[in-house]
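J.: kindly return the folded structure for what I paste below:
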Amino acid sequence: MTVRRSAATLAATVAVFCAAAAPVAVAAPSPSPSPSAALPSGLYGTKDPTYDGVWRQSLAFLAQRVEGVTPAKESVDWLIAQQCANGAYAAYRADVSKPCDKKTVLDTNATAAAVQAFVEVGGHRDTVNNSVRWLKSVQNEDGGWGYTPGAPSDANSTSLVIGALARQGQRLADITTPEGKTPYDPLLALAIPCGGKDGGAFAYQPDKSGKLAANADATAAAVLGTMGKAMAVGNNAAAGNAPSCHPGSDLTPEQAAQNGAHFLADALSTSGHLDLAPMPGATDSTPQPDVGNTADAVVALSAAGHQDKADKAVTWLKKNSKAWAEQNGPAAYAQLVLAAHATGADARDFGGVNLIDKLNATGPTPAAITTPDPSADTGYLPTEKDEVHSGDDVIGGVWWYVGIGLVVGAGAGFLISGRRKNQQP
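T.: You can find the predicted model right below:
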C-alpha cells in the first residue's frame, strides 16, 4: 500500500500479468498530460497523475475524513467524474468527456479506493453502488481480484476490494464464485505456514513454480483483508496478547490475520521500520527504510489488536517521515495520517508536523474542518456475523445513514506496492 505509482509500476504489473496462466490483453494507459498542461483544479498533488490520480485523491479523502476534514466540492466532483459508466475507475482519465472504451485500463485498486473514500465522504450512494457492482462482476474464479480485470489474484488487490465491499456493507461470505470460493480463499492460499523466518507472512502472488515468497506490503494488506477491514481503521487501544503464529495450513481468516501480525511485529521489533526490497539489477545492497510500508504495517498491527507492537514503528515514523512525505505528496501524508489515527497518535503534531495541514495544502481548500472526538471513534466495521443486508444497494440502508465508525483498513498505498515501491504522489 505504499504511495503509488510510476510508469515502472505499471510496467511491472503488466509483466507479472502477462506471465500468468490466463493472459488477457492490456491496453496502454490513458495519455499523460503534457508538462505544460494544467492539472485539474480539483486534483490533489502536483505531479503527473497518469498512474495514481484516483488513488491519491481517494487516500486524501480517507485521511481527511477520519480527522474531521470535509473535502472541497470540486475535489469530490473530480473523483466522481473519473468513474466510467460501468462503475469502474482507471488510474486516471485526462479527458472525462470521452467515455471509457476497450482501450481504457480499468483498475480494481483505484476503484476499491474510490469506494472507500466515497463511503467516508458520504452522500454518493449511486456512485458507490455502481463501483461495487463492477468489482463483484470481475471477481476471479478463485474468489479474488487482480490489479486489472482478469489478472491473477494478488494479496493487495484482493484485500483492497474486500475493504471496499465490507465498507459498503456487503456480506463477504455471500460473495462467492460458482465454485463456492469467497474473497478470503485466495488470501489463505497466499499465507506462508508458520516455521522459519517468514512464517505467518503473505506472498503477493505465487512465483511461476507456485512458491510463496514473503512480502511485507502484501502481508500488511492481507492482515486487513482477512479481517474484513479497509484502509481507515479506527484506534484499537485494547491491550492484547502478543500475536502468535497458528500452525498448519487449514487456517481461518482470523488466524491467518494473526499470523500476519506476528510476522509484522517481528519484522518491526529491531529497527522499528521495514526495508525496501532491492530493485532488480541494483548493485548497492544496503537496506533502505520503507516509510510507506512501515506506515501500512502500523495500521495492520493496530487493526489486529496489537497496537503496542506498533509503538516503536510510530516513534520511528515521527522522526523519519517528514522528508519522504514532502517529496511524495498527498498519498504519503494520507498514509501517515491513517497510521496516526489507527494508533491514537496526534496527526496534527506528528513528530512536530501537522499532517492534516500538510495534506489539506496539497488540494483545494476544504469545505469544513473540525477536530474529531477520539472517544467517538469505535473502529467498528460490520462483518458477516452482523445483521447487514446483502446486495448491491446496501449503502442505501441503515449503515449508510447511521454510519459504522471511521474504520477500516489499507494501506495505503494499504495497499498497493505489490504497490509497488516506486513512489509517486
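
J.: where are the low-confidence patches of the stretch 151-300 of the chain?
T.: The stretch 151-300 of the chain contains residues with pLDDT under 70 at 236-240, 279-284.

J.: which residue ranges of it form strands?
T.: Under the criterion DSSP state E, counting those that start in this stretch, strands of the stretch 151-300 of the chain are mapped to 274-275, 289-290.

J.: check the offset of the first one from the chain's centre.
T.: Same thing as strand 274-275. Counting by CA atoms, centre = their mean, to the nearest Å, strand 274-275 is centred 18 Å from the centre of its parent chain.

J.: what packs against it?
T.: strand 289-290, helix 291-303 (3 or more CB pairs under 8 Å, 6 or more residues apart in numbering; DSSP states H and E). Any C-beta I mention is one placed from the backbone N, CA and C, and that applies to glycine too.

J.: okay, these in JSON lines with mean neighbour count and distance to A88 next?
T.: Shown next, in JSON lines, are the helices and strands packed on strand 274-275 (neighbours: other CB atoms under 10 Å; distance: least, CB to CB, whole Å):
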{"stretch": "strand 289-290", "mean neighbour count": "20", "distance to A88": "30"}
{"stretch": "helix 291-303", "mean neighbour count": "32", "distance to A88": "24"}
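
J.: which one of the ones you listed lies nearest to P243?
T.: In terms of CB to CB, the element of the helices and strands packed on strand 274-275 nearest to P243 is helix 291-303, at 7.9 Å.

J.: and that closest one, what does it pack onto?
T.: By 3+ CB pairs under 8 Å, 6+ apart, helix 291-303 packs against helix 216-226, helix 253-268, strand 274-275, helix 311-320, helix 322-328, helix 330-343.

J.: closest to V105 out of those?
T.: Among those, the nearest to V105 by CB to CB is helix 330-343 (19.2 Å).

J.: tell me the angle of that closest one relative to helix 291-303?
T.: Here the directions of helix 330-343 and helix 291-303 differ by 30 degrees (axes from the mean of the first three to the mean of the last three CA atoms, to 10 degrees).

J.: quick check: buried residues in the next helix or strand after helix 330-343?
T.: As assigned by DSSP states H and E, the chain's next helix or strand after helix 330-343 is helix 355-360. Buried residues in helix 355-360, defined by neighbour count with 16 or more other CB atoms under 10 Å: 355-356, 358-360.

J.: what does stretch 345-353 give?
T.: Within stretch 345-353, the residues scored as buried using 16+ other CB under 10 Å are 345, 347, 350-351, 353.

J.: could you do stretch 198-215 as well?
T.: Of the residues in stretch 198-215, 198-205, 212, 214-215 count as buried by neighbour count, 16+ other CB under 10 Å.

J.: what would the buried residues of stretch 345-353 look like in TSV with pLDDT and distance to P71?
T.: TSV is the format used below for the buried residues of stretch 345-353 (pLDDT from 0 to 100; distance: CB to CB, whole Å):
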residue	pLDDT	distance to P71
A345	96	22
A347	97	16
F350	98	20
G351	97	25
V353	98	20
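
J.: for D126, state which of those is nearest.
T.: Among the buried residues of stretch 345-353, and counting by CB to CB, the member closest to D126 is A347, at 31.3 Å.

J.: please report the distance of the residue nearest to the closest one when sequence neighbours are not counted from A155.
T.: Leaving aside its sequence neighbours, A347 sits nearest to A340 (CB to CB, 6 or more residues apart in numbering; 4.1 Å). Separation of A340 from A155 (CB to CB, to the nearest Å) stands at 25 Å.
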